[in-house]
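# Need a 3D model of the following:
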Amino acid sequence: MKSIIAIISAICLLASSAFAFAPATPRTLVAPRSAVAPTALNVFGKRKTEAQKAEEAERAAQFWQGEWVCKDCGYIYNRGECAGMYFEAQKAE
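Below you'll find the model as predicted:
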């Protein structure tokens, strides 16, 4: 009787070790991605129309195009550091 139990347990042990490294579920194939993925995030904003470009150029022409330099300390005003506003457009609050 002990030998039959030993044989059955040996068979169970060998059968379970055979499936130890088998994947639990069959793997599915993933469709390959397209080479160029279209994006609609508009990270850099929407494209401007010709009328919008002309309006922006007209608005920019109203302001001084040179550099604003402080007479006291020599600081050169950078429009990019001041929320993109022109020097004349800024108001003291």
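# Which parts of this structure are strands?
Taking DSSP state E, the chain contains no strands at all.
# residue ranges with poor pLDDT in it?
14-42, 93 (pLDDT under 70).
# for it, what spans make up the helices?
For the chain, applying DSSP state H gives helices covering 2-18, 50-61.
# Mind giving me the packing neighbours of the last one?
Right, the one you point to is helix 50-61. Applying 3 or more C-beta pairs under 8 Å, 6 or more residues apart in numbering; DSSP states H and E, one finds that helix 50-61 contacts no other helix or strand. Every C-beta, even on glycine, is put in place using the N, C-alpha and C of the backbone.
# Please name the residues that touch residue 55.
Residue 55 is in contact with no residue at all, counting by C-beta atoms under 8 Å, 6 or more residues apart in numbering.
# what's the distance between residue 65 and residue 92?
23 Å (C-beta to C-beta, to the nearest Å).
# Any idea what the closest residue to residue 67 other than its chain neighbours is bridged to?
Of all residues not flanking residue 67 in the chain, residue 76 sits nearest, at 5.4 Å (C-beta to C-beta, 6 or more residues apart in numbering). Counting by DSSP bridges, residue 76 forms beta bridges with residue 69.
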